[in-house]
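Student: one predicted model, sequence on top.
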Amino acid sequence: MSQATFLNRQALFLRPDSSRVVVRPFKPATEPRDLNPTDKTRANHIVDRVLALDLETAEILLADVLENFDGRHRNLLATFESRAAEMEDAFAPHANFTKTQRQLVGAYFLNEYSFEASALFNPSIVSHPDQSGLDKGSRRFVLSLRAVGEGHVSSLTFRTGVIAADGSVDIDPTVRLASTPLVTARTSVPAGEQVDVSFDPQQSISERVIFPITPAQSNGIEDARFVEFEDNGKKTFYATYTAYNGTGIRSELLETKDFLTFRMGPLAGTVARNKGMGLFPRKIDGRYAMIGRQDSENLYLIYSDDLYTWNGGQLILGPKFPWEFVQMGNCGSPIELDEGWLLLTHGVGAVRKYAIGAALLDKNDPSKVLARSREPLVRPEPSEREGYVPNVVYTCGAMRHNGHIILPYAICDTFSNFSSIKISDLLKTLDG
């Protein structure tokens with residue numbers, strides 16, 4: 001069966017929007033230090049210049065800044081105050097300064113960042129925590145996306161929408177404003193630093209942007225694979241993602257119950273040095289389970305008694321067919337079907353062409369591969385081959401809805417789209 005026969009591309013293109021911006025701390029570049037080490041830093045110099053303004057000039061200047069930027073952000077004065085609070089060392093030499101001067105200093109140490117100017121890709125989909133007020137057979141969802149802006153820094157952003165009973169998808173309008181969360185706690189853990197963050201409940205989910213917070217994430221929060229995890233009747237949304245600091249990577253875990261407050265922290269163990277880990281949506285025989293790639297080629301099944309520590313693993317899938325000869329990887333968490341665990345995979349073939357396939361794992365023993373894709377389910381169409389990274393289709397997680405798999409996927413690491421596949425048709429394509 002060809003993909004044109006059973007793959008329903010829905011043409012819901014989610015493209016990057018450079019007009020959506022957040023404010024981020026601005027740190028002046030340091031000059032070569034050939035001066036006395038007791039001399040003032042550039043930050044001190046900037047603060048000196050602002051505080052040297054007479055009060056009337058400072059008030060006029062602050063009003064001008066607000067007129068230029070206030071409609072682009074929420075609570076901008078509070079943001080200026082918060083940034084000024086981080087500049088206490090630069091304020092130290094000055095005995096007296098007004099609230100206006102303090103806010104103006106905060107403004108000088110911020111910059112706007114167009115967080116999705118370059119790309120909006122590698123989506124993952126889960127059920128929304130609120131399923132009220134829907135038509136029969138419909139489901140509300142949360143879609144996570146990797147957003148990339150200036151300097152190729154990745155952050156995590158969200159959309160919401162509704163899947164109808166027949167599998168058709170509708171995306172809610174995206175709000176223009178974007179905001180980063182408040183960091184409410186920082187905790188040292190054995191593998192690094194754990195952070196808790198929260199958003200204002202008044203903010204739409206599509207307004208919420210999780211930008212890199214810790215040094216390990218400084219160059220990107222990449223490819224979050226969300227899963228709705230159930231344990232003893234309690235549901236938690238987890239996402240494994242790659243933290244990138246510019247030179248090295250590690251796997252980290254995000255958790256939330258409401259997409260309003262989040263906890264983020266590093267995973268420990270030998271497996272956490274790799275990327276692309278996908279958590280099963282429930283325990284198997286009382287243990288947590290992951291699918292991950294440890295050697296740049298093959299997929300492994302990994303068990304742990306501890307959600308945060310992962311070691312070892314059993315090889316279960318490797319390149320077999322031409323479209324995956326270069327490497328394989330998982331495309332999100334396994335999806336539970338009556339027939340077994342449906343694992344979406346990606347393969348890389350000739351001329352580094354990415355495609356999406358699938359495998360069916362035994363429900364009781366996922367190390368047993370029951371069937372797999374001989375040919376890809378999704379491959380780049382002629383209209384989907386051009387972009388930042390040509391010849392790529394990729395997803396970080398699909399969702400079962402009634403008799404369909406709802407598959408959001410990225411095109412050429414640039415923008416995202418949706419497809420749906422009937423489960424019965426998909427299973428017919430698996431053999432291998």
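Tutor: Cool, the structure landed.

Student: now do the strands in the stretch 251-400 of the chain.
Tutor: With DSSP state E, counting those that start in this stretch, the ranges of strands along the stretch 251-400 of the chain come out as 261-266, 278-279, 288-292, 299-304, 314-317, 327-330, 335-337, 340-348, 354-361, 369-373, 393-394, 399-401.

Student: with mean pLDDT added, can I get these in TSV?
Tutor: Rendered in TSV, the data for the strands of the stretch 251-400 of the chain read as follows (pLDDT from 0 to 100):
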stretch	mean pLDDT
strand 261-266	98
strand 278-279	98
strand 288-292	97
strand 299-304	98
strand 314-317	97
strand 327-330	96
strand 335-337	98
strand 340-348	98
strand 354-361	97
strand 369-373	97
strand 393-394	96
strand 399-401	98
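
Student: tell me the most buried of the ones you listed?
Tutor: strand 278-279 (a mean of 26; mean count of other C-beta atoms under 10 Å). (C-beta placed from N, C-alpha, C; glycine too.)

Student: who touches Ile296 in this structure?
Tutor: Not Ile; residue 296 is Ser. The contact partners of Ser296, taken as C-beta atoms under 8 Å, 6 or more residues apart in numbering, are Gln327.

Student: also Tyr288?
Tutor: Leu279, Phe280, Tyr303, Ser304, Asp305, Asp306, Leu307.

Student: now do 10 Å
Tutor: Each residue near Tyr288 by C-beta atoms under 10 Å, 6 or more residues apart in numbering is listed here: 229, 231, 238, 279-280, 282, 302-310.

Student: repeat that for Leu14.
Tutor: With contact set as C-beta under 10 Å, 6+ apart, Leu14 has these partners: 116, 120-121, 123, 143, 145, 159, 171, 174, 408, 410-411, 415-418.

Student: for burial, what's the neighbour tally of Arg287?
Tutor: Applying other C-beta atoms under 10 Å, we find 12 other residues in the vicinity of Arg287.

Student: now, which of the contacts of Leu14 sits nearest Val23?
Tutor: Closest to Val23 out of those is Glu116 (15.0 Å), distances taken as C-beta to C-beta.

Student: pLDDT weak spots in this structure?
Tutor: In the prediction, the chain carries residues with pLDDT under 70 at positions 1-5, 29-40, 95, 432.

Student: any chance you could map the helices in this structure?
Tutor: When secondary structure is read from DSSP state H, the chain shows helices at 3-6, 42-51, 55-69, 76-85, 88-91, 99-108, 423-428.

Student: just checking, what packs against the second one?
Tutor: The helices and strands touching helix 42-51, judged by 3 or more C-beta pairs under 10 Å, 6 or more residues apart in numbering; DSSP states H and E, are helix 55-69, helix 88-91, helix 99-108.

Student: ok, now the last one?
Tutor: Based on contacts counted as 3+ C-beta pairs under 10 Å, 6+ apart, the elements that helix 423-428 packs against are helix 3-6, strand 335-337, strand 340-348, strand 354-361, strand 369-373, strand 404-411.

Student: okay, these in CSV with distance to Pro382 next?
Tutor: Supplementary listing: those in CSV, determined by distance: least, C-beta to C-beta, whole Å:
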stretch, distance to Pro382
helix 3-6, 12
strand 335-337, 29
strand 340-348, 19
strand 354-361, 14
strand 369-373, 21
strand 404-411, 12
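
Student: and the most centrally placed residue in the chain, how close does it get to Lys422?
Tutor: To find the centre residue of the chain, average its C-alpha atoms and take the closest one (C-alpha atoms, centre = their mean): that gives Leu156, at 3.6 Å. Counting by C-beta to C-beta, to the nearest Å, the gap from Leu156 to Lys422 is 31 Å.

Student: where do the domain boundaries of the chain fall?
Tutor: Domain assignment for the chain, taken from automatic domain parsing, gives 3-20+114-431, 39-109.

Student: rebuild those as CSV, extending it with distance to Pro28.
Tutor: What follows is the domains of the chain, written out as CSV (distance: least, C-beta to C-beta, whole Å):
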stretch, distance to Pro28
domain 3-20+114-431, 16
domain 39-109, 4
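
Student: so Ser82 sits against Ala107, correct?
Tutor: No. With contact defined as C-beta atoms under 10 Å, Ser82 and Ala107 do not form a contacting pair (11.4 Å).

Student: ok, those two, which is more surrounded?
Tutor: Neighbours per residue (other C-beta under 10 Å) separate Ser82 from Ala107, with Ala107 holding more: 21 against 14.

Student: for the more buried one, what are its contacts?
Tutor: Listed by C-beta under 10 Å, 6+ apart, the contact partners of Ala107 are 23, 26, 50, 61-62, 65-66, 69, 76-77, 79-80, 83-84.
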